[in-house]
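J.: I need the structure of the sequence given here:
(2 chains)
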Amino acid sequence: MRWLYKLPLRFRSLFKRGRVEEELSDELRFHLEKLTEENVARGMTAEDARYAALLELGGVDQIKEECRDMRRVSWIENLIQDVRYGLRTLAKNPGFTAVAVLTLALGIGANTAIFSVVYGILLQPLPFRDASRLVLLNETTPLVGNMSVNYPNFLDWRAQSRTFSEMAAVGSVHFNMTGISQPENIGGLAVSPNFLSMVGARPVIGRSFAPDEEKAGTAPVLLVSYALWQSHFGAASRAIGQTIRLDSRTFTIVGVLPPDFRWVEKCDVMVPIGVWATNNSAATNRGERGDLLAVGRLAAGVRIEQARTEIEGITARLAHGYGQVNTRSGVKLQPLRETFSGDVRPALLVLLGAAICVLLVACANVANLFLLRGAVRAKEMALRIAIGASGGRIVRQVLTESFLVALLGGLVGVGLAIAGIPAIARLIPPDTLAGASVGANGAVLLFSAGLVVLSMFVFGLAPALHSASGDIQSELKEGGRTTSAGRRNRWCGFLATSEIALALILLVGAGLMMKSLYRLLSVDYGFRAERVLKMEMSLRTAQYDKAPAVIGLWQQTLDRVRALPGVESAAAGTAIPLTNDHSRLDITVEGMPLLNPGGFPHPDMHTVSRIMRRRSAFAC
Amino acid sequence: MSKPTDLVQGTLDVLILKTIALEPMHGWGIAQRIKQVSKEVLQVNQGALYPALHRLEQNGWIKAKWGDSDNNRRAKFYSLTPAGREYLEQEQAHWQRLSAAIDLVLEAS
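T.: Residues are numbered from 1 along each chain as shown, chains lettered A, B, ... in the order given. Modelled structure (predicted):
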């Protein structure tokens, strides 16, 4: 109940200080006048009466100060006073302020920028329901390592597994999109109908896939990505039901994916796995692999190791049942989050560590600056202590100045980072980015705020404690600064040493990395790559189904390219050295027995994760 | 000027509260009334009076209003809040217990 009276008083004390002070003066003046009257009534002269009254009342200013203490908002008032004083002091020393703020801005800005990348790629939660329970499965062989999943194997896993509550197949598909102004090569996913519901993504408009769209021969339908919907269909709802031509087949759009959906690979369109299975021997043949992976959701309470054991067991049973084709396959299970750029995690964390080292160097620098400035202000601090300021008050005041510097440095740093992040994001290869958004979002800003507070303590505490503990007598004397100077020098020495050590670590690390990079770039490829351009064409339409048509087109292309000014020579081939592309041809020699079709003919041949069709070719 | 001890401070509080329980009064009036009623025995330390009044006000036991004094000058009049009235009763009872106890100790031989 007392709060009814207390709150308005607090409010007045904070915001109407002038009025409150006036009233206090009036009140005491009234009392003084009454006292004076009384004295006059006792027979004193007016002057003596007033003088006696003053004596009797005591120190008016001290009474006022005690009344002010009672106001219970003094800590807020002190804080405001500290901030005002701190700002004035910083403004009076623009050189010091500028250097300190810029130093911190560099440290905090670098950290903000790097952390935004780390957050976007490594930490940001995937836009899936319960993403930590999703697991990616692929098959392995001892020779090659990771391999695609064989579709009939996947069907068996799905049917027999108890550790996975749901499983879906996800395959990579590529199409030439035609029928629009400029034919485009787009990439997408072929998924089991339960994939979207399993990961918790719902189409923004339209429908998801129906269970029977898993079967080969299903009608060609697809979902478009949000970005494609915006760029090619103007984000119009009548896009549903429209058709687009992919690889000389007509697909009907049945829905649009949500804007935040992302996958390890680029997904412009999503087709049901039935479309992939149509006319595809990899859908039924246990020896063939398409570009397929399996994704599963762990059942409640199941750990990934249990799932791994079970799937390995199923695979072993299958190997036993299907003989030589499956004998050498193993299985690899990975939490889905790790497959999204897990391989750049060490590099990113090293970068973040380096950025933190930079911030520490910056903090040590600023702490040094503060300490040196403390030397200049030692007299002022000693005087304050002498007239009654408590040590805590001085510490608070110096900390406030540190906080202001840290805050300004943080603001400038975040500003620099926001300006620089788009440039950094462009450097990241799209495969690593995997659709992540790298920017200064809430989490990144929170991180920067935390850095500001932390650095304020790191560089502010030592100077603050030091200035409060100065020896008053020696400070106030003209030449007596030896003792505290000794301690200050020790602090300065410590800080300078740490700075040099950290900077040296960074320099050596950077130097080693640059050397490695230089060596990598200087590796001899075995061919000369200067002034060589490559061009890719995928011929997927019915027009180029047969070899003569393909050869004819390529011949024409080569002739035209050779005729271009500036082209010395041109050639065509099926694979570029040093890329991920392989193609596999079976060679039969006259007089030797035919190899088992679809089998793995020779243990030394690379098994491929992507089997290129003969119709695709490259021109160099 | 030394700060009053807790005992003295508490006593001053209860005297002030009792004085303004009957009618609102300004600081000078309170000091005069206490002197008068106690037959000149209790002379309030005027340096302690105003901090005490302000403390009681900040704690919500008394409230203040500006009004005209007897010779038409502006003065700050204090009166009790309901919480203050309760507090007064409590403190009065406490004081009586305390003084009775002190009497007992002093009279015991």
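J.: Quickly note the distance from A:Arg560 to A:Lys534.
T.: 16 Å (CB to CB, to the nearest Å). Glycine gets a C-beta too; all of them are placed from N, C-alpha and C.
J.: scratch that, A:Arg158
T.: 40 Å.
J.: For chain B, just list every one of the strands.
T.: Using DSSP state E, the strands of chain B run over B:62-68, B:74-80.
J.: More neighbours: A:Arg158 and A:Lys534, which one.
T.: A:Arg158 (18 against 11; other CB atoms under 10 Å in any protein chain shown).
J.: Identify each buried residue in stretch A:169-188, please.
T.: A:Ala169, A:Val170, A:Gly171, A:Ser172, A:Val173, A:His174, A:Phe175, A:Asn176, A:Met177, A:Ile186, A:Gly188 (16 or more other CB atoms under 10 Å in any protein chain shown).
J.: Nearest to A:Ile311, out of those residues: which one, please.
T.: A:Ile311 lies nearest to A:Ala169 out of the buried residues of stretch A:169-188, by CB to CB, at 14.1 Å.
J.: and that closest one, what is it in contact with?
T.: Taking CB atoms under 8 Å, 6 or more residues apart in numbering or on different chains, we find A:Ala169 in contact with A:Val149, A:Tyr151, A:Phe154, A:Ala190, A:Val191, A:Ser192, A:Phe195, A:Ile273, A:Leu292, A:Leu293, A:Ala294, A:Val295.
J.: wait, doesn't the second one sit right on A:Gly287?
T.: No: if you go by CB atoms under 8 Å, A:Tyr151 and A:Gly287 don't touch, sitting 11.4 Å apart.
J.: Of the two, which one has the most company?
T.: For A:Tyr151 and A:Gly287, the more surrounded residue by other CB under 10 Å is A:Tyr151, and the numbers stand at 24 against 17.
J.: what separates the more buried one from chain B, distance-wise?
T.: If you measure A:Tyr151 against chain B using CB to the nearest CB, to the nearest Å, the figure is 78 Å.
J.: taking the strands of chain B together, which one is wrapped up most tightly?
T.: Among the strands of chain B, strand B:74-80 has the highest mean neighbour count (mean count of other CB atoms under 10 Å in any protein chain shown), at a mean of 20.
J.: What are the contacting residues of it?
T.: Applying CB under 8 Å, 6+ apart, the set of residues contacting strand B:74-80 from outside is A:23, A:26-27, A:30, B:16-17, B:20-21, B:23-28, B:30, B:53, B:56-57, B:61-69, B:88.
J.: Stretch A:130-142: how far from the chain's middle?
T.: Centroid displacement of stretch A:130-142 relative to its chain, using CA atoms, centre = their mean, to the nearest Å, is 23 Å.
J.: Kindly report the same for stretch A:369-378.
T.: Remark: stretch A:369-378 is offset 39 Å from the chain centroid, using CA atoms, centre = their mean.
J.: Kindly export it (C-alpha atoms) in PDB.
T.: The C-alpha trace of stretch A:369-378 is given here as PDB (Å, rounded to 0.1, in the frame of the first residue of the first chain):
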ATOM      1  CA  LEU A 369      45.700   3.600 -22.900                       C
ATOM      2  CA  PHE A 370      43.400   3.800 -19.900                       C
ATOM      3  CA  LEU A 371      46.200   3.100 -17.500                       C
ATOM      4  CA  LEU A 372      48.400   5.800 -19.000                       C
ATOM      5  CA  ARG A 373      45.500   8.200 -18.800                       C
ATOM      6  CA  GLY A 374      45.000   7.200 -15.300                       C
ATOM      7  CA  ALA A 375      48.500   8.400 -14.600                       C
ATOM      8  CA  VAL A 376      47.500  11.800 -15.900                       C
ATOM      9  CA  ARG A 377      44.400  11.900 -13.800                       C
ATOM     10  CA  ALA A 378      45.900  10.500 -10.600                       C
END
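J.: Which positions in that stretch come out as buried?
T.: So, applying 16+ other CB under 10 Å, buried residues of stretch A:369-378: A:Leu369, A:Phe370, A:Leu371, A:Arg373, A:Gly374, A:Ala375, A:Arg377, A:Ala378.
J.: again, but for stretch A:155-162
T.: For stretch A:155-162, burial by neighbour count (16+ other CB under 10 Å) applies to A:Leu155, A:Asp156, A:Trp157, A:Arg158, A:Ser161.
J.: residues from the stretch 1-150 of chain A in reach of chain B?
T.: By CB under 8 Å from any CB of the partner chain, the residues of the stretch 1-150 of chain A that approach chain B are A:1-6, A:9, A:23, A:26-28, A:30-31, A:33-35, A:56-59, A:62-63, A:66-67, A:69-72.
J.: among those, which are in helices?
T.: Using DSSP state H, the members of the residues of the stretch 1-150 of chain A next to chain B that fall in helices are A:3-6, A:9, A:23, A:26-28, A:30-31, A:33-35, A:56-57, A:62-63, A:66-67, A:69.
J.: Please spell out the ChimeraX selection for the buried subset of these.
T.: Buried residues within those, by 16+ other CB under 10 Å, are selected in ChimeraX with:
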select /A:5,6,9,23,27,28,30,31,33,34,35,57,63,66,67
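J.: for the closest residue to chain B within the stretch 351-500 of chain A, helix, strand, or coil?
T.: Relative to chain B, the nearest point of the stretch 351-500 of chain A is A:Gly388 (14.3 Å; CB to the nearest CB). Three-state call for A:Gly388 (DSSP: H, G, I helix; E, B strand; the rest coil): coil.
J.: and it, how many neighbours does it have?
T.: 7.
J.: Next: the one 5 residues further on.
T.: A:Arg393 has 15 neighbouring residues, counting by other CB under 10 Å.
J.: which ones are touching the closest residue to chain A within chain B?
T.: Closest to chain A within chain B is B:Gly60: 3.0 Å, counting by CB to the nearest CB. B:Gly60 is in contact with A:Met1, A:Arg2, A:Trp3, A:Leu4, A:Tyr5, A:Lys6, B:Thr81, B:Ala83, B:Gly84, counting by CB under 8 Å, 6+ apart.
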